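[1] just the structure for this:
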Amino acid sequence: MSKGNTWETELLQLVFNNTDAALIGDATGLRGSSTAGSLYVSLHTGDPGEAGNQTTSECAYGSYARVAVARSGAGWTVSSNTVTNAALIQFPQCSSGSETATHFAIGTASTSTGKILYKGALSASLAISSGIQPQFGAGELDGSED
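    Residues are numbered from 1 along each chain as shown. Got it, this is the predicted structure:
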C-alpha cells in the first residue's frame, strides 16, 4: 500500500512545518504541536538503518553536536512530496579527531538516543578533521515521501 500524493505532502508539512493536516478524523484533522519546537540534524559515518537511533554510527569528532532546526518554513521547505533545509545548517567546527560523514539523519532529540524520523546519504562523503566545520547550504539536505 502506498500513500496518495496529497497525503505525502501534508505529512511532511505536519512533521517539518508543524502545519495541520485537514480532514483526518474530525473536522480539525491532525493538528500540529502547540509549540512547534525543533528537529535535530545529525551526521553519521554509515547508514544508521531503519532500526537505528540517532546515536547509531553518529559522528563523534571533538566539539560535534547535533544541530537544531525549527519546525517551520524558516527551517524546512516542503514542496510536493519533497522536503529540504530552508537555510544553512552549520555543525560545530572539529576540534580533534577525524572521520568521514556519509549520511545524515533528522530526529527528535538534541542528545542521546532520539528516534530517527528521516535519514539519507550525503551527496558526497565529507572528510572531517581538526579545523573543518561541516555545513550544508539551503536545499542541500533533502528527502521525500513516496
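[2] partners of the longest strand seen in the chain in the sheet?
    Criterion DSSP state E: the longest strand present in the chain is strand 116-128. Applying DSSP bridges to the sheet, strand 116-128 is found paired with strand 99-107 (antiparallel).
[3] got the buried residues for the partner strand?
    Buried residues in strand 99-107, counting neighbours by 16 or more other C-beta atoms under 10 Å, are found at 99, 101-107. To be clear about C-beta, it is placed using only N, CA and C from the backbone, and glycine gets the same treatment.
[4] and stretch 66-80, by the same measure?
    Applying 16+ other C-beta under 10 Å to stretch 66-80 flags 66-67, 69-71, 75-78 as buried.
[5] for it, what is the distance to the chain centroid?
    Counting by C-alpha atoms, centre = their mean, to the nearest Å, stretch 66-80 is centred 8 Å from the centre of its parent chain.
[6] list the contacts for the residue most central in space within the chain?
    By C-alpha atoms, centre = their mean, the mean C-alpha position of the chain lies nearest to residue 106, the distance being 2.5 Å. By C-beta atoms under 8 Å, 6 or more residues apart in numbering, residue 106 lies in contact with 39-42, 69, 116-119, 143.
[7] now with 6 Å, please.
    39, 41, 117-118 (C-beta atoms under 6 Å, 6 or more residues apart in numbering).
[8] of the residues you listed, which is the most crowded?
    residue 39 (23 neighbours; other C-beta atoms under 10 Å).
[9] got the angle for the strand or helix carrying that one vs strand 116-128?
    Assigned by DSSP states H and E, residue 39 falls within strand 38-44. When axes from the mean of the first three to the mean of the last three C-alpha atoms, to 10 degrees is applied, the directions of strand 38-44 and strand 116-128 differ by 50 degrees.
[10] could I get the average pLDDT for strand 38-44?
    Averaged over strand 38-44, pLDDT sits at 98.
[11] ok, now stretch 74-81?
    96.
[12] got the CA positions of it in CSV?
    Below are the C-alpha coordinates for stretch 74-81, written out as CSV (Å, rounded to 0.1, in the frame of the first residue of the first chain):
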residue,chain,number,x,y,z
ALA,A,74,12.2,29.1,8.1
GLY,A,75,13.7,25.7,8.9
TRP,A,76,12.3,23.5,6.2
THR,A,77,10.8,23.9,2.7
VAL,A,78,8.1,21.4,1.7
SER,A,79,7.1,21.2,-1.9
SER,A,80,5.0,18.4,-3.4
ASN,A,81,6.3,15.3,-1.6
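[13] alright, calling it a day.
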